[in-house]
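> I would like to see how this sequence folds:
(chains A, B, C and D)
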2 protein chains.
Amino acid sequence: MRDSPVDPAQANETEETNEAATKAAVFCAAERLFALHGFQNVSVRDITADAGVNLASVNYHFGSKDALLFEIFRRRTAELNRERARMLHEANDRHQGNPPVRDILEALFAPPLRWGSPENDRRISIQFIIRSRSEGNEEMREALAKDVSHLARFADALVKARPELARDTVYWRLHFCLGMVHNNRFAEFDRLHVLSDGATREGDTTALLTRMLDFAEAGFQA
Amino acid sequence: MRDSPVDPAQANETEETNEAATKAAVFCAAERLFALHGFQNVSVRDITADAGVNLASVNYHFGSKDALLFEIFRRRTAELNRERARMLHEANDRHQGNPPVRDILEALFAPPLRWGSPENDRRISIQFIIRSRSEGNEEMREALAKDVSHLARFADALVKARPELARDTVYWRLHFCLGMVHNNRFAEFDRLHVLSDGATREGDTTALLTRMLDFAEAGFQA
DNA sequence: CTGGGAGACGAACAGACGTTTGACTCCGAA
DNA sequence: TTCGGAGTCAAACGTCTGTTCGTCTCCCAG
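Below you'll find the model as predicted:
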């Protein structure tokens, strides 16, 4: 076992890499199948069959099925958090450390929405993350609970942007905004599509972002 | 098999009923365990052991594990929809068939919030419903997708209350509101509690309802 | 050339799963 | 009293699960 194996995410879909190609194939197949069918509904055999590798590959490269799940989760949440933090940082730079509510919320909404756009390769990743929020095992939920520092930065920025609001009011409204984001699942989009008889298409990501920002920004004005 | 067995929900927790007591016990135990640990993480043996009945009871009284799941789902969603429809009807009566946005949203928010209050027996039921939205099998998701008529009444009322808004705008904002509701899970409350360092307690249901209505009503003003 | 570790592979493991079976008890109707 | 169905029960069924084992191939350092 070498110390720094080929990064599965970087070797994405490029099965030509001469080393650890099977590890990357397992990683990608697992993420996709988990995101589409749920964590418990996908067996190790499903993953290895889809990836075209041997059954024992999962346990050899990742230790266990749960460890594989957690590694996908850890990597993707880290990437999402990094992108959100970067946008929040840019908003701070743009507004001398005191960005308005809309810019803060954009840093929260835009990354998962961009990932979720139909033409984006990360569409699967965001579905995986959302799913891990409800189907994740104890380890994953613990990691989510521990990682409040990431959200705390957004909460602090919002408190600074709306100093007249009580702190707990800001926390609750941030909670509502997160609910808006996490509801962006395939099934929910389908129901909305049926309800509106085809009037609402989720294809236009920037338009959806504007809709969400309009709604949430107004919510913070209350 | 008689035609109208004792209603498990009515025989709730009263194991003294001389007939079909085990069916009610299975129903209650299953709902609680499913809500707490997830659908796939609870086995038929877990349910029957918790209910104190024989292993074969589930298949005898409900046909299969999936059928049991679906029966709990069907009953609870019907109860929730009925309560929401009743509140929307009352709001219509109060305002001559044209209730304001806040009253419509209250009919949407209040029932699940009331159920979710700590002292309420239905706290488990609402967790079950929320869970079924992401963990439900094909049959349950199909039932959710088909039942747009229930949501359509809320959408129509909102369109009537805000005629200056485009229809798809109203649909999207209703979608956002549903996200706010469905995010009210145990795990999410926990994270919010950690984030706010104990400042936000979910105990006061009416206060939470006010917070949600303030936020969502303002969102519809945008 | 040679030895050894990394990795892929088929096969098997032990356990948990949902479901089914057949016998037994009990009670109301004939 | 007798018959039959409803309900409970222990036991077993076959299947699918995650994981492990032993072996084989291949490549590179010695």
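> for chain A, what's the longest helix?
Scanning chain A for the longest helix, with DSSP state H as the assignment, gives helix A:65-94.
> look up how far chain B lies from residue A:126.
Look at residue A:126 and chain B: by Cβ to the nearest Cβ, to the nearest Å, they are 14 Å apart. For the C-beta atoms, the positions are set from N, CA and C on the backbone; glycine is no exception.
> now swap in residue A:108 and tell me
14 Å.
> please identify the helix or strand for that residue.
Element membership for residue A:108 (DSSP states H and E) is helix A:101-116.
> do residue A:213 as well
If you go by DSSP H and E, residue A:213 is part of helix A:205-221.
> pull the CA atoms of that helix into CSV?
Provided in CSV are the C-alpha atoms of helix A:205-221 (Å, rounded to 0.1, in the frame of the first residue of the first chain):
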residue,chain,number,x,y,z
THR,A,205,-29.9,26.9,-13.0
THR,A,206,-29.2,30.6,-12.9
ALA,A,207,-32.9,31.4,-13.1
LEU,A,208,-33.6,29.0,-10.2
LEU,A,209,-30.8,30.6,-8.2
THR,A,210,-32.4,34.0,-8.8
ARG,A,211,-35.8,32.6,-7.6
MET,A,212,-34.3,31.2,-4.5
LEU,A,213,-32.3,34.3,-3.7
ASP,A,214,-35.4,36.5,-4.2
PHE,A,215,-37.4,34.3,-1.8
ALA,A,216,-34.8,33.9,0.9
GLU,A,217,-33.6,37.5,0.8
ALA,A,218,-37.1,38.7,1.3
GLY,A,219,-37.5,36.3,4.1
PHE,A,220,-34.5,37.9,5.9
GLN,A,221,-36.2,41.3,5.5
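> is any part of it close to chain B?
Yes - with Cβ under 8 Å from any Cβ of the partner chain as the criterion, chain B is reached by helix A:205-221 at A:208, A:211-212, A:214-221.
> so which elements touch the longest helix of chain A?
If you count contacts as 3 or more Cβ pairs under 8 Å, 6 or more residues apart in numbering or on different chains; DSSP states H and E, helix A:65-94 packs onto helix A:21-37, helix A:57-62, helix A:101-116, helix A:123-135, helix A:138-146, helix A:148-161.
> quick one, the longest one and helix A:123-135 angle?
This means helix A:21-37. Here helix A:21-37 points in a direction 60 degrees away from that of helix A:123-135 (axes from the mean of the first three to the mean of the last three Cα atoms, to 10 degrees).
> does helix A:21-37 reach DNA strand C?
Yes - counting by Cβ under 7 Å from any atom of the strand, DNA strand C has neighbours in helix A:21-37: A:21-23.
> next, format the residues you listed as JSON lines and append pLDDT and distance to residue A:42.
JSON lines is the format used below for these (pLDDT from 0 to 100; distance: Cβ to Cβ, whole Å):
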{"residue": "A:21", "pLDDT": "89", "distance to residue A:42": "21"}
{"residue": "A:22", "pLDDT": "93", "distance to residue A:42": "18"}
{"residue": "A:23", "pLDDT": "95", "distance to residue A:42": "18"}
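> got a winner among the residues you listed for most neighbours?
residue A:23 (23 neighbours; other Cβ atoms under 10 Å in any protein chain shown).
> these two touch, right, it and residue A:61?
Yes - with contact defined as Cβ atoms under 8 Å, residue A:23 reaches residue A:61; the gap is 4.5 Å.
> give me every residue in chain A lying close to DNA strand D.
Within chain A, the positions near DNA strand D by Cβ under 7 Å from any atom of the strand are A:42-46, A:55-56, A:58-60, A:64-66.
> what is the nearest of the residues you listed to residue A:198?
Nearest to residue A:198 among the residues of chain A next to DNA strand D: residue A:42, at 31.3 Å, using Cβ to Cβ.
> quick check: chain neighbours aside, which residue is closest to that closest one?
Spatially, and ignoring its direct neighbours in sequence, residue A:42 is nearest to residue A:33 (4.4 Å; Cβ to Cβ, 6 or more residues apart in numbering or on different chains).
> next, residue A:178: secondary structure please.
At residue A:178 the chain is in helix, as set by DSSP: H, G, I helix; E, B strand; the rest coil.
> how about the nearest residue to it, chain neighbours excluded?
Closest residue to residue A:178 apart from its sequence neighbours, by Cβ to Cβ, 6+ apart: residue B:183 at 6.5 Å.
> out of the residues of helix A:205-221 next to chain B, which comes closest to DNA strand D?
Among the residues of helix A:205-221 next to chain B, residue A:208 lies closest to DNA strand D (Cβ to the nearest atom of the strand), at 34.7 Å.
> what's the local residue count around the closest one?
The number of residues near residue A:208, taken as other Cβ under 10 Å, comes to 20.
> my read is that the residue nearest to residue A:42 contacts residue A:48, right?
No - in this structure residue A:33 lies outside contact range of residue A:48 using Cβ under 8 Å: 10.6 Å.
> circling back to that earlier point, ok, now which ones touch the residue nearest to residue A:178?
A:175-176, A:178-179, A:182-183 (Cβ atoms under 8 Å, 6 or more residues apart in numbering or on different chains).
> and of these, the nearest to DNA strand D?
residue A:182 (25.1 Å).
> can you give me the pLDDT of that closest one?
Here, the pLDDT recorded for residue A:182 equals 94.
> one more: residue A:11?
Residue A:11 is assigned 37 on the pLDDT scale.
> now residue A:86
The model reports residue A:86 with a pLDDT of 98.
> what of the one 5 residues further on?
Looking at residue A:91, its pLDDT reads 98.
> which non-adjacent residue is nearest residue A:62?
residue A:68 (4.0 Å).
> which SS state does the residue located most distally from the centre of chain A fall under?
With distances taken as Cα atoms, centre = their mean, the residue sitting farthest from the centre of chain A turns out to be residue A:164, at 31.4 Å. With three-state DSSP as the basis, residue A:164 sits in coil.
> how much space between it and DNA strand C?
53 Å (Cβ to the nearest atom of the strand, to the nearest Å).
> pLDDT weak spots in chain A?
By pLDDT under 70, the low-scoring segments of chain A are A:1-19.
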